[in-house]
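Engineer: sequence first, then the predicted structure, then my questions.
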Amino acid sequence: MEVPENNSRINRRKFLSTGVRASVLLGIGGAAALVADKATTGETVWQLDPAKCIQCGRCATNCVLTPSAVKCVHVYAMCGYCDLCGGYFKPETKTLTTGAENQLCPTNAVKRKFIEDPFFEYSIDEPLCIGCGKCVKGCGAFGNGSLQLQVRHNICVNCNQCAIARNCPSEAFSRVPLSQPYLLKQVTQEKPV
Amino acid sequence: MKSKIIIIISLSLLLAVVLFMAWDMFYNNPDDNVNPYAYDLKSLRSGDTTKILYEETGHFSPELSAIHGVDVDKSDRICICGDNGVEIFNPAGDRESGFPISGTAGSICVDEGGRIYLGMQDHVEIYDKTGKKLMQWTSCGKDAIITSIKVSGKDVYLADAGNKVVYHFDQRGNLLKKIGEKDPERRIPGFIVPSPYFDLGIGRKGELWVVNPGRHQFEKYDGAGDLISSWGESSMSMEGFCGCCNPSNFAMLSDGSFVTAEKGIERLKVYSPAGVFRCVVAGPDSFIEGTRGIDVAVDSKDRILVLDPEKKEVRIFTMKKPGN
Amino acid sequence: MKKILVLFILTIILTIQFLDAYSVQRFPKPEFESGYVQPETMQPSAHAGLLAVVDVIVLAIALALVTWLVLKKRSRIGVFGMSVLSLGYFGFYRHGCVCSIGAIQNMALAVFDNAYVIPLTVIAFFILPLVFTLFFGRTFCAGVCPFGAIQDLVSFKPQKLGVRLNTVLGLIPYIYLGLAVLYAATGTDFIICRYDPFVGIFRFDATFGMFIFTGTLLLSGIFIARPYCRFLCPYGVLLNWVSRYSWKHLTITPSTCIQCRLCEDSCPYDAIDMPVTDKNPESRSGRIRKMILICALIPMLMLLGGYTGSRMHETLAGVNGKVRLAKALLEPPSSTGKPELMEVTAFKSSGKPVAMVYSEASGILRQFYLGGWILGCFLGLVFGITIAYRMVTTYRTDYTPNKGTCFSCTRCVDFCPVDHHDNV
């Protein structure tokens, strides 16, 4: 092969390569521009909507973390402070004492504290809570629904695809903006006069 | 040779990984359909059917968009109140008349003279049976939620869930006294009303019975407003009351027994005048899950009239014949 | 105008009724007399806020550093050190989320789902390695990706697999990429994250099944270097394409190849192309015949692939939750002795009409029918091109890294006896 021909070939190849590179760069830029249109500078986190939750127990079993990043959260403002708390006591309980055998929670993570007759405060020991939702179901069935499941963001590692969301039977999980990371049912509205 | 075996083994491991992924994605039915932490409300709701001594013998549907309260007059006509109206039915359940009102009537009571008392959120309105407004009382305060009215002779008692107190009025609407406010000296514990269900009734001897729903108690007061006695047990079993505020409503049979209605585990039960569990009128199976605010009334033949706000029906329960 | 007025009044009436209904919900809380103060419900915020930006900065710096180490310093130790550092930061410290591999799915979802808002940081994670690769080769794989680093650490005795095996196994990532995009675009699932083998290690928190999965992969990785990167990684497919046109790529020799064959066995990834000299050049007619064959083969494969893909669309859609729910609802409850699916229970309690699920599911099925065609055509094209590459002989004189498959790990560099100073 003659040298000049070889040279021109290399040049042609180089030119082609540059052209392709430029178009690939354009392609990447184009893809970015396509989605950047609806991009957000903020981050999103996973959260579950207590209104859709059916307490199936998968929050406890499907999270990549053990124990789950989903915890029971107590909205005190909604609580009736009942003595016989449906979220605290097993249904067959005869005596309303804090004995472990009386407690509904599999890990005894719900704490009961006497306030004044006849009110008791219930709080969640979050490191013990596994997010199974048993108390949430009891509270919803017998009480005001002040116990609710929520993703705790100080624990959650914010997976790109939440493993619980994938398996949530009621599609209660969604990506929410980091600035408003909780979806608690709250009593905020005052009674109209 | 040795390296070939190693490659084959490694490759099969790799292929195993790939095949696992494919299998898991397309053919693996996850077996996590069983909740290891299930709270089985169903078994609680099913209960013992042998204790059901009543049966549903009829029902009828009022035309109101939402129904809240039921009562019977002295000739057993059935009066229903609800959103924007009142309807009156004959004992067989045929509609006799009705009239519109403005607003939501949460509770109803018909006195001896046939006048209809309606609890309108924070005040009482009185109508005759043609729908003519006879009187409107002043408001009991902005927090007031009147959940029950009973008329006994010249006395009118109102249960106010918002202010957690029972009012004793005369028939003109003058407040005579408040009953049941917390008073350690008179040993009155005070009403605990965690949600807007708070009922009262008049016993055979004219005594006042009030549900203290947060304590799952029936409390009996005399004419002076003193607490005489109480009964009731907090329990999730059949004999007791449970939940946030139960019983939510009650009525009294002619022998002084109580017919109680509960929410949470929807059920109707009968207790003796002394507060001993007697039998079940209707179990949770008879109601749509989540039904709240079941009202009850008893007519002169001891038929139990049940207002089912979810099914929007008035359902009539009578004692089963002993032979059945 | 009248209509608007009526609507307006209706809205007001409805609002009033709503407020009225709400007033039942709102109820005075217990009146405490002991001075008890109700605690606030704690709502701890996420720690990710600032770090997400930091992640992008770290990614950019790491990419630049590794590229410099690969192309300028040609230092294997340097690249290795960087890969360990990246493993520490992106893997163990940041728990492997979000990563560039998974970002493919976010991009696909963002393109096809208007409701999904993609964070800019995720776009950056997707774009940055691609841009660097376009200019400097797959330096991302060499020293930034924690997946690569962890596999590099266990590849004690890498074996040569041969061209044929490499080619066949190299097709798996295309299938994986195609499926990942299909499932992300239909909003079904992020399967790359679902079968992420290393995230369990990063979090020290793998389930037993996942532990076996990861263990098996790493075990095979002792002898097959970087099995995930070479034969699974969907992002590797994109990097491979882009890297072929890279501007400056790692070279084995710093100056001129002296054909000493010392580097021949140095690459654990079989990514060095041997010299092919034209001792027996093909005849012109033979080459033309091949070209015609290829031109006929590729469309045929595409059609075949597309048809097969569309035939499989129901199997493919079976992964989708909505489709599964619709299937379960269609099934009479008594036909199986098993308890009712939780999805069905949840659906029943939501009170939505069944017809809605059916229509949604049939819509998804249609998407999968189309997606099956596209996926099949894509795979047919890839298979065709792969066959074509195998048929056509490329002539080269020197030992060169394959720009597509080379991870720029710089292992081969140390084997080259040619000194940089020889290049005058």
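Structural biologist: Cool, got the structure.
Engineer: is the lengthiest helix in chain B positioned near chain C?
Structural biologist: Counting residues, the longest helix found in chain B (DSSP state H) is helix B:2-26. Yes: on the criterion Cβ under 8 Å from any Cβ of the partner chain, helix B:2-26 is in touch with chain C at B:3, B:6-7, B:9-11, B:13-14, B:16-18, B:20-21, B:24-26. To be clear about C-beta, it is placed using only N, CA and C from the backbone, and glycine gets the same treatment.
Engineer: how about that helix: buried residues?
Structural biologist: If you call a residue buried by 16 or more other Cβ atoms under 10 Å in any protein chain shown, then helix B:2-26 has these buried ones: B:7, B:10-11, B:13-14, B:16-18, B:20-21, B:25.
Engineer: what about that helix, distance to the chain center?
Structural biologist: 63 Å (Cα atoms, centre = their mean, to the nearest Å).
Engineer: what lies in contact with that helix?
Structural biologist: C:157, C:159, C:161, C:165, C:169, C:172, C:179, C:191, C:195, C:197, C:213, C:216-217, C:219-220, C:222-224, C:227, C:231-232, C:315, C:318-319 (Cβ atoms under 8 Å, 6 or more residues apart in numbering or on different chains).
Engineer: beyond it, next helix or strand please.
Structural biologist: helix B:41-46 (DSSP states H and E).
Engineer: right, is that next one up against chain A?
Structural biologist: Yes: counting by Cβ under 8 Å from any Cβ, chain A is contacted by helix B:41-46 at B:41, B:44.
Engineer: which element follows that helix toward the C-terminus?
Structural biologist: strand B:54-60.
Engineer: quick check: buried residues in that next one?
Structural biologist: Under 16+ other Cβ under 10 Å, the buried positions of strand B:54-60 are B:54, B:60.
Engineer: now swap in stretch C:163-172 and tell me
Structural biologist: For stretch C:163-172, by 16+ other Cβ under 10 Å, it's C:166, C:169-170, C:172.
Engineer: among those residues, which lie within strands?
Structural biologist: Nothing among these maps onto strands, per DSSP state E.
Engineer: packing partners for the helix or strand hosting C:I364?
Structural biologist: If you go by DSSP H and E, C:I364 is part of helix C:354-391. In terms of contacts (3 or more Cβ pairs under 8 Å, 6 or more residues apart in numbering or on different chains; DSSP states H and E), helix C:354-391 is packed against helix C:172-185, helix C:284-311, helix C:313-317, helix C:321-330.
Engineer: now intersect the buried residues of stretch C:163-172 with the helices, please.
Structural biologist: Those of these lying in helices (DSSP H): C:166, C:169, C:172.
Engineer: residues touching C:L238, list them.
Structural biologist: C:104, C:130, C:177.
Engineer: turn the residues you listed into CSV, columns for neighbour count and pLDDT.
Structural biologist: Supplementary listing: these in CSV, determined by neighbours: other Cβ atoms under 10 Å in any protein chain shown; pLDDT from 0 to 100:
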residue, neighbour count, pLDDT
C:I104, 21, 95
C:L130, 22, 95
C:L177, 25, 96
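Engineer: now those in TSV, with distance to C:D113?
Structural biologist: Output for the contacts of C:L238, formatted as TSV (distance: Cβ to Cβ, whole Å):
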residue	distance to C:D113
C:I104	14
C:L130	22
C:L177	19
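Engineer: the domain parsing of chain B - what is it?
Structural biologist: Listed by automatic domain parsing, the domain ranges of chain B are B:47-66+B:139-319, B:67-138.
Engineer: and of the ones you listed, who's closest to chain A?
Structural biologist: domain B:47-66+B:139-319 (3.1 Å; Cβ to the nearest Cβ).
Engineer: centre of the chain to the closest one, how far?
Structural biologist: 7 Å.
Engineer: which single one of the buried residues of helix B:2-26 is nearest to A:I54?
Structural biologist: B:M25 (25.5 Å; Cβ to Cβ).
Engineer: residues near C:Y389, how many?
Structural biologist: 13 (other Cβ atoms under 10 Å in any protein chain shown).
Engineer: any idea how far it lies from chain B?
Structural biologist: Per Cβ to the nearest Cβ, to the nearest Å, C:Y389 is found 22 Å from chain B.
Engineer: want to try a markdown table for the domains of chain B, with mean pLDDT as columns?
Structural biologist: Shown next, in a markdown table, are these (pLDDT from 0 to 100):
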| stretch | mean pLDDT |
| --- | --- |
| domain B:47-66+B:139-319 | 90 |
| domain B:67-138 | 93 |
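Engineer: not counting its neighbours along the chain, what's nearest B:E181?
Structural biologist: Distances taken as Cβ to Cβ, 6 or more residues apart in numbering or on different chains put B:V165 closest to B:E181, at 5.7 Å, once the chain neighbours are dropped.
Engineer: again but with C:G148, I slipped
Structural biologist: Using Cβ to Cβ, 6+ apart, the nearest residue to C:G148 is C:C141, at 5.0 Å.
Engineer: that's a helix at that neighbour, yeah?
Structural biologist: Yes: according to DSSP: H, G, I helix; E, B strand; the rest coil, C:C141 belongs to a helix.
Engineer: list the residues that contact it.
Structural biologist: Here C:C141 is in contact with C:148, C:229, C:236, C:239, C:407-409 (Cβ under 8 Å, 6+ apart).
Engineer: same question for B:F169.
Structural biologist: B:F169 neighbours (Cβ under 8 Å, 6+ apart): B:124, B:137, B:155-158, B:175-176.
Engineer: who are the contact partners of the nearest residue to C:P146 once chain neighbours are set aside?
Structural biologist: If the residues on either side of it in the chain are set aside, C:P146 comes closest to C:G91, at 3.5 Å by Cβ to Cβ, 6+ apart. For C:G91, the contacting residues are C:146, C:149-150, C:198, C:201-202, by Cβ under 8 Å, 6+ apart.
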